[in-house]
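Undergrad: sequence plus the predicted model coming up.
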Amino acid sequence: MSHGKLREEKDCLNCGHTVEEKYCPNCGQQNIQTRQPFHYLFTHFVEDFTHYDGQFWGTLKNLFFKPGKLTSTYLEGKRQTFVPPVKLYIFVSFVTFFLFAIFPPFNINFEGKGKSKLFSQKDKISEIQKALNDAKAKEKWTKEDSIIIAKYTPIITDSSKIDEIEQTFDMDKKLDEDEITISDNNFFNRPIHNKLAELQKKGYKKSEILTGFIETTIHNLPKALFIYLPIFAFILWLFHNKKRWWYFDHGIFTLHYFSFLLLSLLLSLLLYKVSEYCSVPFINKILYLGIFCIFFYDIIYFFIAHKRVYNTKKRVSILIGFLTLWFNFFAFTFLIIGLALISFLMIH
């Protein structure tokens, strides 16, 4: 906890009670000076956020290497030894997605340069001019070349027709392989079709639409995981004794399990990023092996934790584990699809 300079006075500044040692016996506030050195702000933040006295690191150690122990300990009533489940999940989630935002694991810009952007009118003029020059440069004009020359020459030479660029250019892009078309003959496809038409009318390319779609989906992923927590706990509740295990118990198990998944995801990201900057093949193989081992450990972790927490017979635990993961796979897939559709419709 905080190591600020203690006050000589023994009255609590919060409630007025007498403080015999460091903390007020009535309200629990630490009896420290109201003014501290500047570095105290940083150390206070780090210590309070990570419980630098050992609680935080002990929690991470048990979370990663002793599946199910944190949940069992918490449900037994021993709740001062480790970081509370909600605080743990929020912290791990924040760090994981913060680092993912700074160091994305893959390039989601399908054009390989810059960020996705709308075609400006100047960009369209340049493309029209290039298409026109390419057509005129050919020794023998095809029917398509003649159409391009006849259609684009008046626009380039007559500035008064500059407003026709967007309409003409967008209509011609429907013939391009970059165009996306979806039938709008049913209730579900119609919003997607309308959104595609809106984006393409604004000048978005296929690659730009896909980039924006993935960016928005990744941005909303933390929200999706947070929404899915009670669903995961509910599925656990369905497969266990309702009198012995409360929904609250499954919620604690879920928070610890998802914290582990995010932690393993973060560790995999760090190993992958190191491999990107490492030019030694042997070391890269070790790093990739480490990522594979983490992925394999993610799979068996749930079964180990489930067996230790719910204390069921081995075969029963494995069966319930498979059924739980199977139901969660479909439920989470459904949630991701819904999230993807919402993310797509949110693209501007």
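TA: Looks like it came in fine. Numbering: from 1, shown residues only.
Undergrad: now do the residue nearest to His306 when sequence neighbours are not counted, the pLDDT please.
TA: Computed as Cβ to Cβ, 6 or more residues apart in numbering, the closest residue to His306 that is not its neighbour in sequence is Gly321, at 5.1 Å. In this view, the C-beta of every residue, glycine as well, is placed from N, C-alpha and C. Reading off the confidence values, Gly321 has pLDDT 89.
Undergrad: Gly321 in helix, strand or coil?
TA: Here Gly321 is helix, with the state taken from DSSP: H, G, I helix; E, B strand; the rest coil.
Undergrad: contacts only, for it.
TA: 302-303, 306 (Cβ atoms under 8 Å, 6 or more residues apart in numbering).
Undergrad: now tabulate the residues you listed in JSON lines and tack on neighbour count and secondary structure.
TA: Shown next, in JSON lines, are the contacts of Gly321 (neighbours: other Cβ atoms under 10 Å; DSSP: H, G, I helix; E, B strand; the rest coil):
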{"residue": "Phe302", "neighbour count": "20", "secondary structure": "helix"}
{"residue": "Phe303", "neighbour count": "18", "secondary structure": "helix"}
{"residue": "His306", "neighbour count": "25", "secondary structure": "helix"}
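Undergrad: any chance of JSON lines for those, columns distance to Ser93 and pLDDT?
TA: Below are the contacts of Gly321 laid out as JSON lines (distance: Cβ to Cβ, whole Å; pLDDT from 0 to 100):
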{"residue": "Phe302", "distance to Ser93": "18", "pLDDT": "94"}
{"residue": "Phe303", "distance to Ser93": "23", "pLDDT": "94"}
{"residue": "His306", "distance to Ser93": "22", "pLDDT": "94"}
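Undergrad: what's the domain layout of the chain?
TA: 1-39, 92-110+207-345, 121-194 (automatic domain parsing).
Undergrad: any idea which of the contacts of Gly321 is closest to Pro104?
TA: Nearest to Pro104 among the contacts of Gly321: Phe302, at 27.1 Å, using Cβ to Cβ.
Undergrad: quick one: list the elements packing against the helix or strand encompassing Phe94.
TA: Phe94 is located in helix 85-102, with elements delineated by DSSP states H and E. Using 3 or more Cβ pairs under 8 Å, 6 or more residues apart in numbering; DSSP states H and E, the elements in contact with helix 85-102 are helix 206-238, helix 247-277.
Undergrad: run the last query once more with 6 Å
TA: Here helix 85-102 touches helix 247-277, going by 3 or more Cβ pairs under 6 Å, 6 or more residues apart in numbering; DSSP states H and E.
Undergrad: going by neighbour count, list what's buried in the helix it packs on.
TA: 249-266, 268-269, 271-272, 275 (16 or more other Cβ atoms under 10 Å).
Undergrad: check stretch 293-300 too.
TA: For stretch 293-300, by 16+ other Cβ under 10 Å, it's Ile294.
Undergrad: where does the prediction get shaky in the stretch 1-150 of the chain?
TA: Within the stretch 1-150 of the chain, the stretches with pLDDT under 70 are 1-4, 35-54, 105-132, 135-136, 138-150.
Undergrad: what's stretch 15-23 in contact with?
TA: 10, 12, 24, 26-27, 30-31 (Cβ atoms under 6 Å, 6 or more residues apart in numbering).
Undergrad: now, of the residues you listed, which are buried?
TA: Buried, going by 16+ other Cβ under 10 Å: 12, 24, 30-31, out of the contacts of stretch 15-23.
Undergrad: tell me which of the residues you listed is nearest to Tyr297?
TA: For these, the nearest to Tyr297 is Gln30 (39.9 Å; Cβ to Cβ).
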